[in-house]
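> Got a predicted structure plus its sequence, pasted below:
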Amino acid sequence: MPYTMVSFHAHPDDEALLTAGTLARAAAEGHRVVLVVATAGGAGLASSEVLAEGPLARRRLAELHRSAEALGCARVECLGYEDSGMADARSGAAGAFADADPQEAAGRLAELLRQERADVLTVYDPAGGYGHPDHVQVHRVGTRAAQLAGTPVVLEATVDRRLLQRALRAVHWLPGIPADFHPARFAAAFAEPERITHRVDVRAFAAQKRAAMAAHTSQAGADTGRRTLAVLLKLPRPLFRMLLGREWYVQHGRAPARPLIGDVFAGLPDSR
C-alpha cells in the first residue's frame, strides 16, 4: 500500500546529497513524497556572478523545486527560517534556524506531519553529519516533531563512514578532486557502520539523483575552491552510480541487525 514520507532538510541541495535516490525510488513505487527545508539557504556559498543576479535565497528555492520535480516529490515546503551559516562562519541573521526554539520549530513541522499523516520522517544524526549548526537543529526539531505528531518511523540520513573513507581513498588522486576530500577529514563524520539499520539500493535512480544535484546550479560553483556538487557531477556516470547508488539510515528505536534493511517502509502496517 502507498505510504507518505516526509524528508526534512536544512537547506536546498541537502536533499540531493543524502536522500535523493530514496525519495525518487519511493515516488516511483507509488508513495507520496514531501520535501521540507528549514531555510532557503541564503547564506550558502556561491560565486560573485550568481550573487550579482539577485537574492540567493530566492534562487535556491527555485532550484529546490526543480530538484523536487526530478525526484517526483508531491509537495515542497520551506519553514521560513534564516540560514545560520557554517559553524565557523555564522551568518548572524535574525531568525537563524540554529538559534530557533526547537519546540516552536517542531510545532511547525509537526503540523505538516499531521496534515500529511506521515509514516516516515527523515532527519539527520545528532551531530548533523558533519557538524553544520542547521543540520544539528534538523535532528533536534525533527525528532521532537515526530514525537508531537506520532510519526511512527524516524530515519537519520547518514553515510557509512567506513565506506565513505574507502571511496575517498580510491578517488582522491583523480584530477580535479579537492585536497579537502582527504579521508582524514571525515574520520568522525556521519555514522559508524555498526549503528546503521538501513542500506537502500538506489542505483536504478542514479539519473534522478544526478538531476537533483544538477538542479542546484548556484551551489556547484564558487569564486575559490571546488564545491562538493561540482566534483560529484563531474564523475563519469558509471562511477557516479557505483559510489552514490546506495543510501544509509539509522532508525530510531530499532536495533541494528544484519542483513541491513533495504526498504524504508519495512515494518509499517499494511493498513492505516
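Great, that's in hand. Numbering: from 1, shown residues only.

> Quick check: Arg58 is in a helix.
Yes. Arg58 sits within a helix when classified using DSSP: H, G, I helix; E, B strand; the rest coil.

> check contacts around it.
The contact partners of Arg58, taken as CB atoms under 8 Å, 6 or more residues apart in numbering, are Ala40. All C-beta spots, glycine's among them, are computed from the backbone N, C-alpha and C.

> now the helices for the stretch 1-150 of the chain?
14-18, 20-28, 48-51, 56-71, 102-116, 128-131, 133-149 (DSSP state H, counting those that start in this stretch).

> got those as TSV, with mean pLDDT and distance to Gly42 columns?
Output for the helices of the stretch 1-150 of the chain, formatted as TSV (pLDDT from 0 to 100; distance: least, CB to CB, whole Å):
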stretch	mean pLDDT	distance to Gly42
helix 14-18	95	14
helix 20-28	98	22
helix 48-51	82	11
helix 56-71	96	4
helix 102-116	98	17
helix 128-131	82	19
helix 133-149	97	12
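
> Next up, the contacts around Asp119.
Residues in contact with Asp119 (CB under 8 Å, 6+ apart) are Tyr3, Thr4, Met5, Thr151, Pro152, Val153, Phe265, Leu268, Arg272.

> Need the max-distance pair from those residues.
Pairwise distances across the contacts of Asp119 (CB to CB) peak at 14.0 Å, for the pair Met5 and Arg272.

> Between those two, which has more neighbouring residues?
When Met5 and Arg272 are compared for neighbours, Met5 comes out ahead with 26 against 10, by other CB atoms under 10 Å.

> Check the spacing between that one and Ala266 real quick.
13 Å (CB to CB, to the nearest Å).

> same check, this time on Ala28
Going from Ala28 to Ala266 by CB to CB gives 17 Å.

> Ok, Arg75 next?
Arg75 sits 24 Å away from Ala266, going by CB to CB.

> Kindly report the same for Val76.
Taking CB to CB as the measure, Val76 falls 26 Å from Ala266.

> neighbour count winner among Arg75 and Ala266?
Set side by side, Arg75 and Ala266 show more neighbours around Arg75, with 15 against 12, by other CB under 10 Å.

> who does the residue nearest to the more buried one when sequence neighbours are not counted bridge with?
Counting by CB to CB, 6 or more residues apart in numbering, Arg75 lies nearest to Val34, which is 4.5 Å off, once chain neighbours are set aside. Beta-bridge pairing for Val34 (DSSP bridges): Val6, Arg75.

> so Glu82 sits right up against Ala38, yeah?
No. Between Glu82 and Ala38 there is no contact under CB atoms under 8 Å: 9.4 Å.

> Of those two, give the one with the bigger neighbour count.
Neighbour comparison, Glu82 and Ala38: the larger count goes to Ala38, with 29 against 23 (by other CB under 10 Å).

> low pLDDT regions in the stretch 151-272 of the chain?
170-185, 187, 223-226, 271-272 (pLDDT under 70).

> And the strands in the stretch 151-272 of the chain?
Assignment of strands within the stretch 151-272 of the chain using DSSP state E, counting those that start in this stretch yields the ranges 153-158, 198-201, 246-251.

> In JSON lines, list those along with distance to Glu63.
Formatted as JSON lines, the strands of the stretch 151-272 of the chain follow (distance: least, CB to CB, whole Å):
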{"stretch": "strand 153-158", "distance to Glu63": "19"}
{"stretch": "strand 198-201", "distance to Glu63": "24"}
{"stretch": "strand 246-251", "distance to Glu63": "21"}
